[in-house]
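Student: sequence below, structure please.
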Amino acid sequence: MASTIAAVTTGGGGIVQTADASGNLSLLSGPNTIVAVTATGASVTGTLAVSGGVTLTTTLPVLQGGTGVTTSTGTGAGVHSVGPSISSAVMSTMASSVITSGTAVTSTSGTSIDFTGIPSWVKRITVMFNGVSTNGTSVVLMQIGTSGGVEVSGYLGSCSTILGTAPGANNFTTGWGVGADNIAASVKHGFLTIALLNTSSNLWACSGVVGASNEARASHTGGTKPLAATLDRVRITTVNGTDTFDAGSINILYE
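Tutor: Model (predicted):
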């Protein structure tokens, strides 16, 4: 059964009627006039149904901050509350909680492969290797950099390689080693992940495992590197900088 509540509006006496069965709210006034519909009032979460023609004497807001209109007439029209606006700061925060994939690049030519334009809010990057090899024996390196370029010094840590029962290890200061040693036929699969350890010093930490598919060889890498400014790029190259990539693909994920 519907219930009624006596109401008074500037447009004349009327009632507010609630329909128990449907849960909809109907506003009925003497001259069929709704005096004010504002964005600052209570939002309408259901359907607002009006008996007879309706004239709105104030601006009706439209979704997502439109200009609205001065008057609107009609019968049985639904009126919805204004949706919330989302600031650029909130959008940036939302973006930083989502893992974004880069575009896979074939590592079949060139002496280095760069991923640039990484957003400033990124806190973690995963570099993935799929069947990557080079035409020489120089160790493959991962380097990071800023808008000023890739940095080639100040890398700390080491990389160890296990080949059968004969382990080996090496330290590199010009990048993080993707393997402690290298052979021209080595085919690499796996990933290295870097994470922002200290925002004030732009200090990044690296860790990862890469295994070979053509032999029983696996490499473990760990280290750190402070940058002069905010990171915006990652490079895959070799220690000598002249060996050429000849197989596979590389991609990144960032968040």
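Student: using the three-state scheme, assign residue 191.
Tutor: Following DSSP: H, G, I helix; E, B strand; the rest coil, we place residue 191 in the strand state.
Student: skipping adjacent residues, who's closest to it in space?
Tutor: Nearest residue to residue 191, sequence neighbours excluded (Cβ to Cβ, 6 or more residues apart in numbering): residue 128, at 4.5 Å. Placement of C-beta: from N, CA and C, glycine included.
Student: tell me who's in contact with that neighbour.
Tutor: 190, 191, 250, 251, 252, 253 (Cβ atoms under 8 Å, 6 or more residues apart in numbering).
Student: so where does the fourth one fall, helix or strand?
Tutor: To tie it back to what came earlier, the one meant is residue 251. strand 245-254 (DSSP states H and E).
Student: pull up the pairing partners for that strand, direction included.
Tutor: strand 100-101 (antiparallel), strand 105-106 (antiparallel), strand 124-134 (antiparallel) (DSSP bridges).
Student: now the element after the second one, going C-ward?
Tutor: Stepping forward along the backbone from strand 105-106, the first helix or strand reached (DSSP H and E) is strand 113-116.
Student: so which of the strands paired with strand 245-254 comes closest to residue 153?
Tutor: Residue 153 lies closest, by Cβ to Cβ, to one member of the strands paired with strand 245-254: strand 124-134, at 19.8 Å.
Student: and that closest one, average pLDDT?
Tutor: For strand 124-134, mean pLDDT rounds to 97.
Student: buried sites along it?
Tutor: 125, 126, 127, 128, 129, 130, 132, 133, 134 (16 or more other Cβ atoms under 10 Å).
Student: same thing with stretch 156-163?
Tutor: Quick answer for stretch 156-163 (16+ other Cβ under 10 Å): 157, 159, 160, 161, 162, 163.
Student: same question, stretch 202-215
Tutor: Residues of stretch 202-215 classed as buried by neighbour count (16+ other Cβ under 10 Å): 202, 204, 205, 206, 208, 210, 211, 212.
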